[in-house]
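Engineer: make a model of this:
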Amino acid sequence: MSISVFLLDDHQVVRDGLRLLLEADGDIVVVGDAGSAGEALERIPAVRPDVAVLDVQLPDGDGVEVCREIRSSLPEVACLILTSFADDEALLAAVVAGAAGYVLKQIRGNDLVNAVRRAAAGESLLDQQLVQRVVSRLRSGAQEDSRLASLTPRERSVLELLAGGLTNRQIGEEMGVTEKTVKNYVSNVLTKLGMRRRTEAAVFAARLADSPLKAENAQRGARW
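Structural biologist: As a prediction, this is how the structure comes out:
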């Protein structure tokens, strides 16, 4: 059976090149593509690919956010994050978003094809020992951030749930509030933390998962 793939990159020439590369051996079929996060979130549910290859840098967001949204609504879709640089932040963001792995844009063609095949087979391309080392190192350096003091208890709860990769709808169900209310909470959290994207807040919260953020919530006896 062929493997269906969706491509997300803001450059048409890159998408065309990836299509030719992936379809060369005949067992992979590109069933759709997009040049922006918004387009991808509209088109991926319609074609339900086995694997989505997602560029990080996009004009209206990033591939990590797309990965989180897709994995929340379509967990059967494996996501590979394309990134230009290998660093702890990129790895942690991929883990938080539920990606099957992340690959460098400098990857060799055959290696990318193999990565797609492995992801389609349900394998994780993330070295779990490396993941644990990165997460432990980031958490060990976590300290109470002055920005946390500005968050209300409910905003801290939203921040914690963001770190779990939940969508606004799922957060609303967890907290017993409307999706519109959650959007307001998320907006307030991003403003107070001085961040533009929810992925930044999710990574920030993941760093603090074993720090005062979680401890204070536990002391209140509940997350909200």
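
Engineer: which residues does Leu82 contact?
Structural biologist: 9, 53-56, 63, 102-105 (CB atoms under 8 Å, 6 or more residues apart in numbering). Just so you know, the C-beta spots here come from the backbone N, C-alpha and C atoms, and that holds for glycine as well.

Engineer: try 7 Å this time
Structural biologist: Listed by CB atoms under 7 Å, 6 or more residues apart in numbering, the contact set of Leu82 reads 53-56, 63, 103, 105.

Engineer: any chance of a ChimeraX selection covering the buried ones in those residues?
Structural biologist: Of the contacts of Leu82, the buried ones go into a single ChimeraX selection, burial set by 16 or more other CB atoms under 10 Å:
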select :53,54,55,56,63,103
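
Engineer: quick one: low-confidence ranges for the chain?
Structural biologist: By pLDDT under 70, the weakly predicted segments of the chain are 86-89, 127-146, 207-224.

Engineer: which parts of it are strands?
Structural biologist: For the chain, applying DSSP state E gives strands covering 3-8, 28-34, 51-55, 57-58, 61-62, 78-83, 101-104.

Engineer: enumerate the positions of the second one that are buried.
Structural biologist: Residues of strand 28-34 classed as buried: 28, 30-34 (neighbour count, 16+ other CB under 10 Å).

Engineer: ok, stretch 2-10 next?
Structural biologist: In stretch 2-10, counting by 16+ other CB under 10 Å, buried: 3-10.

Engineer: longest helix in the chain, please.
Structural biologist: In the chain, taking DSSP state H as the definition, the longest helix is helix 179-193.

Engineer: ok, and for that helix, which residues are buried?
Structural biologist: Those would be 181-182, 185-186, 188-190, 192-193, for helix 179-193 by 16+ other CB under 10 Å.

Engineer: repeat for stretch 103-123
Structural biologist: In stretch 103-123, counting by 16+ other CB under 10 Å, buried: 103, 112-113, 115-120.

Engineer: stretch 39-55 now?
Structural biologist: Within stretch 39-55, the residues that qualify as buried by neighbour count (16+ other CB under 10 Å) are 39-41, 43-44, 49-55.

Engineer: contacts for it, please.
Structural biologist: 3-10, 18, 31-32, 34, 63, 66-67, 69-70, 73-74, 77-82, 116, 119-120.
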